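S.K.: just a sequence and a predicted model for now, questions to come.
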Amino acid sequence: MSDSDSNKTGSDTSIRASRRTVIKGVIASGIAVSAAGYIVYDRFGSRGSVSGAVERLVTLNVNGRERRVDVLPQETLAHTVRYKLGLTGTKIGCDHSECGACSVMVDDVSTYSCSTLTHSVRGRKITTIEGIEGPNGELHKVQKAMITELGPQCGFCTPGQVVAAVALLKHNPKPTVDEARRGMSGNLCRCGAYDHYLKAVMTASREA
Ligand code: FES
Ligand code: FES
């Protein structure tokens, strides 16, 4: 065996030995960290948080209901409502805060859910397009007006447009045309139905 082989064997042995030491240490401490590294279980199986950790099982107030849901630390609200809560009316277009297709209301303010971490809205009131209708399932006046004014073309942006319009009218029930245009400016429509949506907002604003 050459000197270099002998050195190699020696270093392999020391690496194996140090790995064994680490594994032994983990077993002895009785702690296993989840794959995401955010939840810690002690040897008795009870769950605790490490410094900077995020509790994954959270309660969200969505459309007036308390919903328990397992949320990853980096998960967006758009992902949670669509893929965990089954509220697929919220669309994901750009996924980069540019189009407004993912708009939901957070405490009655129109918000891009694709750019909102779900953990940041715990304890807040979240309203998706499914929560816009009246208590008996009747359409909201904004939805009725959008039908009357032929707003939806392909319809992809429509849920976001409705949410943005409802939020706008909550804060400014009688907007001028310019105010309405500004209020809706965060919602793009690739079909170009802007005038129809704007007319719908003004029509809805005239309703009692
Ligand atoms: S999908 Fe959120 S702004 Fe476009
Ligand atoms: S109606 Fe098609 S994107 Fe707006």
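M.R.: Done, it's in. Ligands and ions are numbered 1, 2, ... in the order given.
S.K.: next, Ser110: phi, psi?
M.R.: Main-chain dihedrals, Ser110, degrees, to the nearest 10: phi -60, psi 130.
S.K.: run through the bridge partners of it.
M.R.: Met105 (DSSP bridges).
S.K.: where do the strands sit along the protein?
M.R.: With DSSP state E as the criterion, the chain has strands at 32-33, 39-41, 47-49, 57-62, 65-70, 103-106, 109-112, 125-127.
S.K.: of the ones you listed, which is nearest ligand 2?
M.R.: Among the strands of the chain, strand 103-106 comes nearest to ligand 2, with 12.6 Å by CB to the nearest ligand atom. All C-beta atoms are positioned from the backbone trio N, CA, C, and that covers glycine.
S.K.: got a list of contacts for that closest one?
M.R.: Contact with strand 103-106 is made by 77-78, 81, 90, 110-113, 116, 121, 124-129, 159-161, 163-164, 166-167, 186-187, as judged by CB atoms under 8 Å, 6 or more residues apart in numbering.
S.K.: now list the buried members of those residues.
M.R.: Buried members of the contacts of strand 103-106, counted by 16 or more other CB atoms under 10 Å: 77-78, 81, 90, 110-113, 116, 121, 125-129, 159-161, 163-164, 166-167, 186-187.
S.K.: state the pLDDT value of the residue most central in space within the chain.
M.R.: Among the residues of the chain, the one closest to the centroid is Leu77, at 0.8 Å (CA atoms, centre = their mean). On pLDDT, Leu77 comes in at 98.
S.K.: how close does the nearest residue to it once chain neighbours are set aside get to ligand 2?
M.R.: Distance criterion CB to CB, 6 or more residues apart in numbering; nearest residue to Leu77, sequence neighbours excluded, is Ser113 at 3.9 Å. For Ser113, the distance to ligand 2 (CB to the nearest ligand atom, to the nearest Å) stands at 17 Å.
S.K.: any idea how far ligand 1 is from Ser113?
M.R.: For Ser113, the distance to ligand 1 equals 7 Å [CB to the nearest ligand atom].
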